[in-house]
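what follows is a predicted structure for the sequence shown.
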Number of protein chains: 2
Amino acid sequence: MVPCPTDGKPLVALVVVIFTVENRSLQVLLIRRSAPPFQGFWALPGGVFGGHEALGEAATRRLVEETGLQDVYLEQLYTFSELDPHLPAVAVTYFALVNHTQARLQQRRRWRPAWHAVSSLPDLAFNNRAIIDYALTRLRYKLEYTNVAYSLLPDTFTLSELQRVYESILGRSLDKRNFRKWILARRIVQLTGATRSEGAHRPARLYAFTSREPVIL
Amino acid sequence: MVPCPTDGKPLVALVVVIFTVENRSLQVLLIRRSAPPFQGFWALPGGVFGGHEALGEAATRRLVEETGLQDVYLEQLYTFSELDPHLPAVAVTYFALVNHTQARLQQRRRWRPAWHAVSSLPDLAFNNRAIIDYALTRLRYKLEYTNVAYSLLPDTFTLSELQRVYESILGRSLDKRNFRKWILARRIVQLTGATRSEGAHRPARLYAFTSREPVIL
DNA sequence: CCAAAAGTGTTCGGCTTACACCCATGT
DNA sequence: ACATGGGTGTAAGCCGAACACTTTTGG
């Protein structure tokens, strides 16, 4: 990469880590880079930030572009520097949580964006692996004291589905009775009254999040 | 190739919130702005980030410049945008914790940097008030699950001194017995064996931090 | 002997953890 | 009737919160 000789300003890149949980697996959205550096590598979606809007708006725009989803949980993560020894740049990173059944990924591109299991990522461009690790750490903490999981689930869901989401992110199994007591005590979710029959077993009661805005407990 | 425009890049500003506790009062280091915008207003120390080093290094350099101190706790806070409607810029903010008895503030300048009680701040430039509020919130949380207070205190100190630091930051008084039990149970500090006689009362035992590196408990 | 800050234990309630069986349904 | 996931309670230990008096010293 050639440095920019005409001005001393670093480039401001915007990077978004988009998580989803599908089938007991935490996944992250990756695209293929079509230009150097790291051409052909998988990378997090992002772009250059022009500075004429709020960072959060630019990140939201990128998120809508990739998933078609609005009103999802989005939070600034960290700002990285020294991405490339020859390119003065900073990367402002965000992470988002989306419901994969509602996401509509871009189909047009040469290399279509795709979900990748966080547990088995390919080699990534720049420091993208470190960014994902950082996002995952933050997400694991946030699960414990916020309701952000709302952004990963549909409007109604069973407690078992919710528990599987928690387990997929935390990477360990949870006790069913304790999980239910815990989540109900915090009033994160409430009964809807509806149930869902899904197979040769007792139907599950459906719950909804008390709030679909971020709440710190 | 990443485009290399001669303009269109936002400015990357670096801002440092430097906290100290002196005499039961949480204070922050402010300087007077000598140029527009906000000329004459108090503001947080900072500067323009060139991009040819790590952000943390640039922040450390600024911190040394203002206080003469090295090896203090420094952490990235948040990256703000839309500071000024006419100036495309982002501000990457850090916060630091220093011991005021060791800090040597700049004396050369027209408007000398000075400590200001966080509880009674003057009007500040840009969004600096919001940055300080954000830093304070983060600091209050960090006190509860890390040892970062080490950076505010000298090598040895009494538990009463430590408690006053916690109380000054949290903005409420703590129970002496519970505070001691709590801090000792977490092994944040340990007895040195020395004591200090300071007046017409029983001498205090001196403690030291178990680690002077950041530790998450 | 008095003033001042240092130092110290116990009780209670609530939260977390571990743990095993019955329920409702479809086939 | 049986296989499948849904749904439930209790006991033990740990932690945080409330609360008041004795100790050691200097003047």
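That came through fine.

dump the residue contacts of A:Ile188.
Taking C-beta atoms under 8 Å, 6 or more residues apart in numbering or on different chains, we find A:Ile188 in contact with A:147, A:149, A:209-210, A:215, A:217. To be clear about C-beta, it is placed using only N, CA and C from the backbone, and glycine gets the same treatment.

please check these and keep the buried ones.
A:147, A:149, A:209, A:215 (16 or more other C-beta atoms under 10 Å in any protein chain shown).

adding distance to DNA strand D, secondary structure and pLDDT, write the residues you listed out as CSV.
Output for the buried ones among the contacts of A:Ile188, formatted as CSV (distance: C-beta to the nearest atom of the strand, whole Å; DSSP: H, G, I helix; E, B strand; the rest coil; pLDDT from 0 to 100):
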residue, distance to DNA strand D, secondary structure, pLDDT
A:Asn147, 19, coil, 97
A:Ala149, 16, helix, 98
A:Phe209, 16, strand, 98
A:Val215, 21, coil, 96
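
checking A:Cys135 next. Helix, strand or coil?
You called it Cys, but residue A:135 is Ala. Under DSSP: H, G, I helix; E, B strand; the rest coil, A:Ala135 falls in the helix class.

hang on, it packs against A:Leu77?
Yes. The criterion here is C-beta atoms under 8 Å, and A:Ala135 meets it with A:Leu77 at 5.6 Å.

common neighbours of the two, please.
Common neighbours of A:Ala135 and A:Leu77 are listed as A:17, A:93, A:95 (criterion: C-beta under 8 Å, 6+ apart).

export the host helix or strand of A:Leu143 to CSV, keeping only CA atoms.
Element membership for A:Leu143 (DSSP states H and E) is helix A:128-145. What follows is helix A:128-145, C-alpha atoms only, in CSV (Å, rounded to 0.1, in the frame of the first residue of the first chain):
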residue,chain,number,x,y,z
ASN,A,128,-10.0,-8.7,11.9
ARG,A,129,-9.6,-11.8,13.9
ALA,A,130,-8.6,-9.7,17.0
ILE,A,131,-11.6,-7.5,16.4
ILE,A,132,-13.9,-10.5,16.4
ASP,A,133,-12.3,-11.8,19.6
TYR,A,134,-12.7,-8.5,21.3
ALA,A,135,-16.3,-8.2,20.2
LEU,A,136,-17.1,-11.7,21.4
THR,A,137,-15.6,-10.9,24.8
ARG,A,138,-17.7,-7.8,25.1
LEU,A,139,-20.8,-9.6,24.0
ARG,A,140,-20.3,-12.3,26.6
TYR,A,141,-20.1,-9.8,29.3
LYS,A,142,-23.1,-7.8,28.0
LEU,A,143,-25.3,-10.9,28.0
GLU,A,144,-24.9,-11.1,31.8
TYR,A,145,-26.1,-7.6,32.6
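
and the helix or strand just after it with helix A:128-145, angle?
Per DSSP H and E, the first helix or strand lying C-terminal to helix A:128-145 is helix A:159-170. Using axes from the mean of the first three to the mean of the last three C-alpha atoms, to 10 degrees, the inter-axis angle of helix A:159-170 relative to helix A:128-145 is 140 degrees.

strands - which of the shared contacts of A:Ala135 and A:Leu77 land there?
A:17, A:93, A:95 (DSSP state E).

how about the first one, what does it touch?
When the contact criterion is C-beta under 8 Å, 6+ apart, the partners of A:Val17 are A:28, A:44, A:77, A:93-96, A:131-132, A:135.

is any residue of stretch A:155-163 near DNA strand D?
Yes. Stretch A:155-163 comes into contact with DNA strand D (C-beta under 7 Å from any atom of the strand), by way of A:158-160.

all strands of chain A, in order?
Under DSSP E, chain A gives strands at A:11-22, A:25-32, A:42-43, A:46-48, A:73-81, A:89-97, A:114-117, A:189-196, A:204-209.

tabulate the ones you listed (TSV), appending distance to B:Val118.
Below are the strands of chain A laid out as TSV (distance: least, C-beta to C-beta, whole Å):
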stretch	distance to B:Val118
strand A:11-22	30
strand A:25-32	39
strand A:42-43	41
strand A:46-48	36
strand A:73-81	23
strand A:89-97	27
strand A:114-117	44
strand A:189-196	38
strand A:204-209	36
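
among those, which is nearest B:His86?
strand A:11-22 (17.5 Å; C-beta to C-beta).

quick check: residues of chain A near chain B?
Proximity of chain A to chain B, by C-beta under 8 Å from any C-beta of the partner chain, involves residues A:1-2, A:4, A:6-12, A:35-36, A:48-56, A:76, A:78-82, A:87-90, A:92.

filter the residues of stretch A:155-163 next to DNA strand D down to the buried ones.
Of the members of the residues of stretch A:155-163 next to DNA strand D, the ones counted as buried by neighbours, 16+ other C-beta under 10 Å, are A:158-159.

tell me the one of the residues of stretch A:155-163 next to DNA strand D nearest DNA strand D?
Checking the residues of stretch A:155-163 next to DNA strand D against DNA strand D by C-beta to the nearest atom of the strand gives A:Ser160 as the nearest, at 3.3 Å.

which ones are touching the closest residue to that closest one other than its chain neighbours?
Excluding its sequence neighbours, the residue lying closest to A:Ser160 (C-beta to C-beta, 6 or more residues apart in numbering or on different chains) is A:Ala204, at 6.5 Å. By C-beta under 8 Å, 6+ apart, the residues touching A:Ala204 are A:158-160, A:195-196, A:198.

does the helix holding A:Leu143 reach DNA strand C?
No. Helix A:128-145 does not reach DNA strand C (C-beta under 7 Å from any atom of the strand); its nearest approach is 8.7 Å.
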